[in-house]
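>>> fold the stuff below for me.
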Amino acid sequence: MSKSCSPSPPTSDAEWTVRQVSPVSNWESARETCPTCGDDVDLLEAHYQVELDRERPRSEGEKLTHERRLLAFCDADCADAWLDERDDR
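So this is what the prediction gives:
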């Protein structure tokens with residue numbers, strides 16, 4: 001599961017904007033499933049991260065106006081394939 005503790009958004013969800021795609025390695029010991037190929041992604045190792053952002057409807061008493069999700073991909077090819085599929089919809 002991603003750091004935001006939310007499942008990966010569907011690729012057809014147009015509300016989400018891709019903010020950043022970058023090679024990373026995190027300082028925490030965790031594993032996620034690559035949204036493209038389904039392989040395990042060890043977050044301590046080098047991998048690719050896609051940062052998604054969308055506006056949140058504001059409820060009374062809430063201050064948060066944006067929601068962010070981080071997706072972990074095993075490599076650049078998987079990240080590119082996911083982004084290409086998303087753009088084709």
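>>> can you pull the pLDDT of the residue lying closest to residue 42 once chain neighbours are set aside?
Closest residue to residue 42 in three dimensions, ignoring its sequence neighbours and counting by CB to CB, 6 or more residues apart in numbering: residue 31, at 5.7 Å. Heads up, the C-betas are built off the backbone N, CA and C, glycines and all. At residue 31, the model reports a pLDDT of 92.
>>> ok, now residue 5?
You'll see residue 5 listed with a pLDDT of 38.
>>> model confidence score at the most centrally placed residue in the chain, please.
Ranked by distance to the mean C-alpha position of the chain (CA atoms, centre = their mean), the top residue is residue 71 at 2.3 Å. What the model reports for residue 71 is a pLDDT of 94.
>>> host element of it?
Element membership for residue 71 (DSSP states H and E) is strand 66-73.
>>> state the distance from the residue nearest to the centre of the chain to residue 86.
11 Å (CB to CB, to the nearest Å).
>>> if we can go back for a sec, other SSEs contacting the strand holding residue 71?
Here strand 66-73 touches strand 47-55, helix 76-88, going by 3 or more CB pairs under 8 Å, 6 or more residues apart in numbering; DSSP states H and E.
>>> give the buried residues for the longest one.
For helix 76-88, a neighbour-count test (16 or more other CB atoms under 10 Å) marks 78-79, 82-83, 86 as buried.
>>> would you format the residues you listed as TSV with distance to residue 53 and pLDDT included?
Converted to TSV, the buried residues of helix 76-88 look like this (distance: CB to CB, whole Å; pLDDT from 0 to 100):
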residue	distance to residue 53	pLDDT
78	21	96
79	16	96
82	16	95
83	15	93
86	14	83
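>>> switch these over to a markdown table; also include distance to residue 48.
As requested, these are exported to a markdown table (distance: CB to CB, whole Å):
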| residue | distance to residue 48 |
| --- | --- |
| 78 | 7 |
| 79 | 4 |
| 82 | 9 |
| 83 | 10 |
| 86 | 14 |
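>>> now the two most distant members of those residues.
Spatial extent of the buried residues of helix 76-88 (CB to CB) is set by the pair 78 and 86 at 12.6 Å.
>>> what residues are shared contacts of these two?
Counting by CB atoms under 8 Å, 6 or more residues apart in numbering, residue 78 and residue 86 have no common neighbour.
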